[in-house]
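# predicted model and sequence below, questions to follow.
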Amino acid sequence: GSVLVGSHELIERAHRWRKMAGGGMRQAGILAAAGVYALKQHVVRLAEDHQNAKVLAEGLSTIGGLDVELDTVETNMVFVTSDLETQPHLIEILKERGVLVGGYGQLRLVTHHDIDAEDVSVVIDAFRKAVLSCKAIRS
């Protein structure tokens, strides 16, 4: 998800472009409310989430078999590319270790207010072990 912040004019233009592009999600206000709440209550925490994402990306980039574009990590999202042949197995092993990732081809990981620095270390370790397991399967 995302939140757009700007002038009334910018929001009006964005609204028009969204409609032209076919966006018309119902009850979007409920999701937007979460974004507004985060901006009002958790701005400091958002910076921590972004830092956790950078640490996560840096840690994952040290694992052979994973590709992380470090220069694209500017928010709380980290995108990871892995071997497509073993990716379903990688996702399953991570799930067994309590790490849920989404995507196919490019995996998406998101840090948030329930994720701290220790959790980031656990995720990096889980990825390291899962990638090793996938390499063993291919051998």
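All right, it came through fine. Residues are numbered from 1 along each chain as shown.
# so how far is the helix or strand bottoming out on mean pLDDT in the chain from its chain's centroid?
One helix or strand of the chain scores below all others by mean pLDDT, DSSP states H and E: helix 28-41, with a mean of 81. Taking Cα atoms, centre = their mean, to the nearest Å, the mean C-alpha location of helix 28-41 is offset from the chain mean by 18 Å.
# then it to CSV, C-alphas only?
This file holds the C-alpha atoms of helix 28-41, laid out as CSV (Å, rounded to 0.1, in the frame of the first residue of the first chain):
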residue,chain,number,x,y,z
ALA,A,28,-10.2,2.6,0.3
GLY,A,29,-10.8,5.0,3.1
ILE,A,30,-10.3,2.3,5.7
LEU,A,31,-6.8,1.6,4.3
ALA,A,32,-6.1,5.3,4.0
ALA,A,33,-7.0,5.8,7.6
ALA,A,34,-4.2,3.5,8.6
GLY,A,35,-1.7,5.6,6.6
VAL,A,36,-3.0,8.9,8.1
TYR,A,37,-2.8,7.4,11.6
ALA,A,38,0.8,6.3,10.9
LEU,A,39,1.7,9.8,9.7
LYS,A,40,0.2,11.4,12.8
GLN,A,41,1.3,8.9,15.5
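# now do the buried residues in that helix.
residue 38 (16 or more other Cβ atoms under 10 Å). Just so you know, the C-beta spots here come from the backbone N, C-alpha and C atoms, and that holds for glycine as well.
# what packs against it?
Of the remaining helices and strands, none touches helix 28-41 by 3 or more Cβ pairs under 8 Å, 6 or more residues apart in numbering; DSSP states H and E.
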